[in-house]
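Asker: Take a look and give me a structure for this.
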Amino acid sequence: MNEYARYFNGYPSTIVEQALQLISNNRLQRYLLKKYPEAHDITTDKLLYQYATELKKRYLKNAPPFGRAAFKKQGDMITNALGTHTYRMQGKTRKHDLAINNDLLYAPEALLKALVVHELAHFKEKDHNKAFYKLCCYMEPDYHQLELDLRLFCVAVSMGENPYTSHVNA
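Answerer: Model (predicted):
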């Protein structure tokens, strides 16, 4: 069970204990489905781009231009990254690109939003500092809870128990 503790590094021990108990009691899928009954319908790079662009327009009007957004295979969701934010120069313009782990193709919209918000916050704040998390909470007031639930979702995926893929495999 301690193999999943790494997913919750930095959280208070009481939260880590609750998360690990949820996992060990095989209640993780039930928890996720009760809280987030359905997967999102953002299943293409084009739809992801539109989704991220709308959030950027709403919350980061003065941020640098948006480039691309794509679902990509990125290895282990915690070790390698759930998402990445990069930028490239296109002429004299700096374009920001987002890559979201393709394991989030089958996830609740709220968890996808938390990750997109996280990556968009990097448009203005490079480091995970107080200003960065303040910006995340501005774009999504429940950001901290969603980030924790996203980590629980990552555990479910790593266990091969993504509750949102049942309709895909059926």
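
Asker: Can you check what pLDDT the model gives residue 76?
Answerer: Residue 76 is assigned a predicted lDDT (pLDDT) of 52.

Asker: just residue 97 next, same as before
Answerer: Listed pLDDT for residue 97 reads 85.

Asker: after the host helix or strand of it comes which helix or strand?
Answerer: For residue 97, the host element (DSSP states H and E) is strand 93-101. For strand 93-101, the following helix or strand on the C-terminal side (DSSP H and E) is helix 109-121.

Asker: Report the angle between that following helix and strand 93-101.
Answerer: Put simply, helix 109-121 runs at 150 degrees to strand 93-101, going by axes from the mean of the first three to the mean of the last three Cα atoms, to 10 degrees.

Asker: Contacts for helix 109-121, please.
Answerer: Here helix 109-121 makes contact (Cβ atoms under 8 Å, 6 or more residues apart in numbering) with 36, 38-40, 42, 48, 51-52, 55-56, 59-60, 63, 82-85, 98, 100, 104, 132, 135-136, 139-140, 142-143, 146-147, 149-150, 153. Any C-beta I mention is one placed from the backbone N, CA and C, and that applies to glycine too.
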